[in-house]
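Asker: this one's sequence-less:
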Ligand SMILES: O=P(O)(O)OC[C@H]1O[C@H](OP(=O)(O)OP(=O)(O)O)[C@H](O)[C@@H]1O
Ligand code: HPA
Ligand SMILES: [Mg+2]
């Protein structure tokens with residue numbers, strides 16, 4: 001795919017790389033205060049959260065561990081199927097651990113509400129959520145997010161880890177996908 005094709009596929013840039021990094025720095029300062037004296041386990045949700053995880057982990061100045069889960073509820077479409085599947089489980093025992101789930105986006109909320117319940121049932125000392133984006137108008141279930149980056153309109157977005165049919169994850173900013181791409 002040529003770069004010019006990517007530009008045509010984008011309706012509007014919502015956040016630039018600089019704006020994203022400033023927000024991640026802001027969230028990191030809060031996380032450092034809240035987890036002072038603890039070793040937090042960051043649980044990244046593959047694949048969308050890869051960029052947020054990489055930047056958040058490097059921005060934090062407290063000791064952290066990282067682990068990853070792969071779950072999927074979207075397949076190749078733009079609507080959540082509502083059925084969450086574990087594609088890859090954690091390697092870490094969660095007993096007594098302070099877990100911070102790191103996500104790119106909360107859309108319907110179905111993925112995270114399921115995931116939080118799943119991780120809590122493994123005996124974690126605490127489970128909190130850090131999500132860069134949230135679409136309040138798209139919520140099908142309420143998810144309590146302690147560290148939230150930006151609230152965005154109910155439009156399909158790509159970039160900074162977010163894909164449409166596995167494309168656009170490597171865009172540095174976050175953009176609204178032009179409807180002609182998926183219509
Ligand atoms: O709030 P929800 O409606 O559940 O949607 C949010 C989830 O959907 C996307 O992941 P997806 O399942 O598409 O997999 P991916 O991370 O590999 O892109 C996104 O990365 C979140 O994990
Ligand atoms: O708006 C979105 N873009 C990409 N992936 C997503 N997964 C849930 N919502 C979205
Ligand atoms: Mg995801």
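Answerer: Received the coordinates, thanks. Predicted model only: the values in this text are computed from it and were never measured. Ligands and ions are numbered 1, 2, ... in the order given.
Asker: for this structure, which segments are assigned as helices?
Answerer: Along the chain, counting by DSSP state H, helices occupy 3-8, 17-34, 50-59, 110-120.
Asker: quick one: closest of those helices to residue 84.
Answerer: helix 110-120 (4.5 Å; C-beta to C-beta). C-beta coordinates here come from the backbone N, C-alpha and C atoms, glycine included.
Asker: what sits up against the closest one?
Answerer: With contacts defined as C-beta atoms under 8 Å, 6 or more residues apart in numbering, helix 110-120 is touched by 43, 45, 69, 71, 73, 80, 82, 84, 94, 99, 101, 103, 106, 127, 129, 131, 140-143, 145.
Asker: filter those down to just the buried residues.
Answerer: Among the contacts of helix 110-120, those classed as buried by neighbour count (16 or more other C-beta atoms under 10 Å) are 43, 45, 69, 71, 73, 80, 84, 94, 99, 101, 103, 106, 127, 129, 131, 143, 145.
Asker: how close does the closest residue to residue 52 other than its chain neighbours get to ligand 1?
Answerer: Closest residue to residue 52 apart from its sequence neighbours, by C-beta to C-beta, 6 or more residues apart in numbering: residue 132 at 5.0 Å. As judged by C-beta to the nearest ligand atom, to the nearest Å, residue 132 and ligand 1 stand 10 Å apart.
Asker: how many residues are close by residue 132?
Answerer: For residue 132, the neighbour count with other C-beta atoms under 10 Å is 29.
Asker: and what of residue 30?
Answerer: 12.
Asker: what's the answer for residue 33, then?
Answerer: Using other C-beta under 10 Å: residue 33 sits among 9 other residues.
Asker: residues contacting the closest residue to residue 178 other than its chain neighbours?
Answerer: Of all residues not flanking residue 178 in the chain, residue 11 sits nearest, at 4.4 Å (C-beta to C-beta, 6+ apart). Residues in contact with residue 11 (C-beta under 8 Å, 6+ apart) are 155, 175, 176, 177, 178, 179.
Asker: now the fifth one: how far from residue 156?
Answerer: Between residue 178 and residue 156 the distance is 10 Å, computed by C-beta to C-beta, to the nearest Å.
Asker: now do the same contact list for the closest residue to residue 149 other than its chain neighbours.
Answerer: Once flanking residues are discounted, residue 149 sits nearest to residue 132: 4.0 Å by C-beta to C-beta, 6+ apart. For residue 132, the contacting residues are 20, 23, 24, 52, 103, 104, 105, 149, 150, 160, by C-beta under 8 Å, 6+ apart.
Asker: restricted to buried residues, select those residues in PyMOL.
Answerer: Selection of buried members from these for PyMOL, criterion 16+ other C-beta under 10 Å:
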select buried, resi 20+23+24+52+103+104+105+149+160
